[in-house]
Every structure is written in C-alpha cells, then in structure tokens.
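J.: missing the sequence, but the structure's below:
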C-alpha cells in the first residue's frame, strides 16, 4: 500500500515537480524512483508532450482568416515599357490595392473546433503514453526483482549442492557410496552454474530494458531493490473494466477523434458553398489635371468542380468517420482484453502463491531433509536426494516468479483503471512546458 500511495503521489504531480534528480547510485531503488525518472527522461513522453503543444498551436491557425493580399502595378498607354508614359498619357497609371478573403460563415468555426478536438485527443494520447511507459517500467521492475532473487537463490543452492557433493565424496571414500553419486553431484553443480549464467544474462537484459525506458547511457540499475509486498487484488474483472472504460485515456482520445471526424464531415459539406472576398484599389495617373480614383470590388469562388473536389472530400470525411468509430470499438475491445487478462493473471498468481505459502515450499524442504537423512545413514540413494533438491529449487524459483507476476498484474490493473491518480486532462501550463 505504501508503494501504491507513493506512485499515486508521483503521478498526480505536475511534470515540473516530477522532474526530480536521478536515483543516487547505491541507494535502495523502489518502483516510485524508477517511475519518477522515466517521467522525467523518457524520450517517448517528451515527444508526446511536444505533440500536444504542436496540436494546440494549430487551433488558432485553423480559425484564422486567410492572409490579405497586397497588389501593385502600372498600366501604360501606347508603349510596353513601365512608367514610360506615366504622367503624360491619360490612361497610364500606377495602382496599389489590398484584398481580403472571407470563408463562408461557419467554416472557420468548424475548422477551429476540429483542430481543438484533435488537440484535446492528443492531450489524452499523451496521458496514454505516460501510462504505457509507467506500465513498462513496472513490468521490468518486477522482472528485475525476480531475476535478481533467482540469481541469489541459485547462488545459495550452489553452496547446498556443493555440500551434497561433499557428502557423496565422504560416503564414496569410506565405501558406502558409489562413484556415480559423486559424478552426479558434479554434473548438477555444472548445470547449476549454467543456470546461474543464464539468469545473470536475463538480469542484464532486464536492466538494459529499464535503462532504455529511463534514457540512461549505462545499462545497469545500481542499488538494492525495495522488498516486494504482496498487494491485494482490487476488484472483480467486470468492475475493473467499468472503471477502466471511464478512465482510459485511449478511449477518451478516440472519442474525441470521432467527434472531430464528425465535424470534418460537416465542414466538407459546407465546402460546397462559395467563399467571398473584398478588395480596395488606388489608381494614380501622375497628372495634376487628372484626379486619382479608387476601385472597390468583391469576389466569389465558384465551386464548379464539385464532382471531383467537394463531393470526393465528403466521401473522404465520411470514410474517416467510419474508421474513427471502428478504432473506438477496437480500442474498447483491447481495453477489455487488457483488464481481463491482467485480472486473470493476478487471481491465478494469487492462488499459486497461497498454495506455496500454505505448505508446498515447506513440504519440499522437509522432503529434501528426509532424503538427506536417509542417504547419510545408507537407507536412501543419491538420485532421490537430487530429485528432492531439484523440486525445492524449482518451487522456490517459481514462487519468486509468481510474486513478480502477481505484482505486475496488479500494477497493470491499477494503471488501466486509473487508480494511480494519473494527471487529469488539464491543459499543460507554461511551467510544465
């Protein structure tokens, strides 16, 4: 619970507060420490945040008027050379003017609404990126827990098997054992060394994966990991899905994209209507006896190619709307699968951990002790001792793996349901930027 509260505090903090110093080498490392560092340094989160700013910058652009157009020129009478007859011929003149276009009423508002909807969707996509990175950090953190404990456990069992080999040698030396027992013990030592090497490789790979998420140049995680404490499963799968459906940033982003696509259909239909423009032109004929004059006019676009442009744009927008609705349904199905699988994994791990706690590990230890006692007095064979030891090692490794799997599933559920108090969809402030 302390770990969950710590993560909740972290994730409810603005980016400026999250951007704390990196983990001190050699200190005890908890999941909250790694999450804090990832939220500060992960390149994907930085990229997602900048995309929010990019999409927000498009909103005022979408609703702005077209740029006005300045014009100037000269009209000559009788000769093509510019200004050659300016001030002498009656119809020679210089002119300057300005024109401004105006989209048909309603178009600008729709364009700005579409851009705002896409910006809001990108804000939720940023939240989804944060949750995904946090989930990956949690997964690799618990995998690292399991890998480190597995390496330590194998190291302890190396000493145990070495003692078993010593017993086999002593019995062989006094004629009570066989050379096969000694050779079998040596083989098991070699296999255990191989297993330790593979587990060490797995540990390094998990650390490298964490280093990638934390954007570290050194692919190691120094320091002792905080002890794991089993967390209770929060709710049923259906309750968890109901919470996730309300809290999912991906669903919220996709809903906003559906709304934006619907507005884009409205805009494409409105594009069949003409746009307007006005212009003002000043004419100077360069002679005192001839007054300058002014021209005021208006323009209207003619959508005469509607069958190839505007109608096809409507088809495009309608197809985009259908695709957005399909993506929303797919995102909801993906969310249900993610919540269901995480809940199933958590409940299965819970049952297995209870089985180990209620006697399986203790029974395996008692069986090994009994087999060793029988072997020492010559009433048992060495193969039975080795088989008992293997079961104990496998059970202890499985217990640690199931604990890591259990906590990973709980973290996934907490992230999907939003129970870790992630950042609300409030606008990013300049301080956070």
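T.: Sure thing, it's come through. Model, not experiment: these values are computed from the prediction. Numbers count the residues shown, from 1 in each chain.

J.: And the helices in this protein?
T.: In the chain, the helices defined using DSSP state H lie at 2-11, 15-18, 31-41, 43-62, 107-173, 179-214, 237-247, 249-270, 310-355, 361-376, 382-417.

J.: now the fourth one against helix 31-41, angle please.
T.: Think helix 43-62. 40 degrees (axes from the mean of the first three to the mean of the last three C-alpha atoms, to 10 degrees).

J.: Report the buried residues of helix 43-62.
T.: 45, 48, 49, 51, 52, 55, 56, 58, 59, 62 (16 or more other C-beta atoms under 10 Å). Heads up, the C-betas are built off the backbone N, CA and C, glycines and all.

J.: As JSON lines, these with distance to residue 190 would be great.
T.: Formatted as JSON lines, the buried residues of helix 43-62 follow (distance: C-beta to C-beta, whole Å):
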{"residue": "45", "distance to residue 190": "45"}
{"residue": "48", "distance to residue 190": "49"}
{"residue": "49", "distance to residue 190": "52"}
{"residue": "51", "distance to residue 190": "53"}
{"residue": "52", "distance to residue 190": "56"}
{"residue": "55", "distance to residue 190": "59"}
{"residue": "56", "distance to residue 190": "62"}
{"residue": "58", "distance to residue 190": "64"}
{"residue": "59", "distance to residue 190": "67"}
{"residue": "62", "distance to residue 190": "69"}
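
J.: Relative to residue 229, which of the helices of the chain is closest?
T.: helix 2-11 (7.1 Å; C-beta to C-beta).

J.: Based on its surroundings, how many neighbours for the spatially closest residue to residue 88 that is not a sequence neighbour?
T.: What sits nearest to residue 88 in space, not counting adjacent residues and going by C-beta to C-beta, 6 or more residues apart in numbering, is residue 287, at 7.7 Å. When neighbours are defined as other C-beta atoms under 10 Å, residue 287 has 15 of them.

J.: looking at it, residue 287 is touching residue 86, isn't it?
T.: No. Using C-beta atoms under 8 Å, residue 287 is not in contact with residue 86; the gap is 9.1 Å.

J.: quick one, what contacts the residue located most distally from the centre of the chain?
T.: Using C-alpha atoms, centre = their mean, the residue of the chain lying farthest from its centre is residue 289. It sits 75.3 Å away. Not one residue lies near residue 289 by C-beta atoms under 8 Å, 6 or more residues apart in numbering.

J.: at 10 Å instead, please
T.: Applying C-beta atoms under 10 Å, 6 or more residues apart in numbering, we find residue 289 in contact with residue 90.

J.: Quick check: it vs residue 46, distance?
T.: 70 Å (C-beta to C-beta, to the nearest Å).

J.: tell me which helix or strand of the chain sits lowest on mean pLDDT?
T.: Lowest mean confidence among the helices and strands of the chain (mean pLDDT, DSSP states H and E): helix 15-18, at a mean of 30.

J.: between the helices of the chain, which gets the lowest average pLDDT?
T.: Among these, helix 15-18 carries the lowest mean pLDDT, a mean of 30.

J.: any idea how far stretch 274-288 is from the chain center?
T.: Relative to its parent chain, stretch 274-288 has a centroid offset of 56 Å by C-alpha atoms, centre = their mean, to the nearest Å.

J.: wait, I meant stretch 55-75
T.: On C-alpha atoms, centre = their mean, the centre of stretch 55-75 falls 37 Å from that of its chain.

J.: start to end distance for that stretch?
T.: 46 Å (C-alpha to C-alpha, to the nearest Å).

J.: swap in stretch 75-95?
T.: End to end - C-alpha to C-alpha - stretch 75-95 spans 8 Å.

J.: pLDDT of it, averaged?
T.: 80.

J.: Identify the residues contacting that stretch?
T.: 71-74, 281-290, 292-295.

J.: What's the local residue count around residue 279?
T.: Neighbourhood size, residue 279 [other C-beta under 10 Å]: 17.

J.: Could you check how far it is from residue 298?
T.: Residue 279 sits 8 Å away from residue 298, going by C-beta to C-beta.

J.: so what sits against both of the two?
T.: With C-beta under 10 Å, 6+ apart as the test, residue 279 and residue 298 both reach residue 99.

J.: OK, contacts around the residue nearest to residue 164 when sequence neighbours are not counted?
T.: Closest residue in space to residue 164, ignoring its immediate chain neighbours: residue 185 at 5.7 Å, by C-beta to C-beta, 6+ apart. Applying C-beta under 10 Å, 6+ apart, we find residue 185 in contact with 161, 162, 163, 164, 165, 166, 167, 168, 169, 382, 385, 386.

J.: thinking again about what came up before, can I get the helices of the chain in a markdown table with distance to residue 302?
T.: Shown next, in a markdown table, are these (distance: least, C-beta to C-beta, whole Å):
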| stretch | distance to residue 302 |
| --- | --- |
| helix 2-11 | 55 |
| helix 15-18 | 50 |
| helix 31-41 | 54 |
| helix 43-62 | 24 |
| helix 107-173 | 16 |
| helix 179-214 | 56 |
| helix 237-247 | 49 |
| helix 249-270 | 16 |
| helix 310-355 | 12 |
| helix 361-376 | 84 |
| helix 382-417 | 53 |
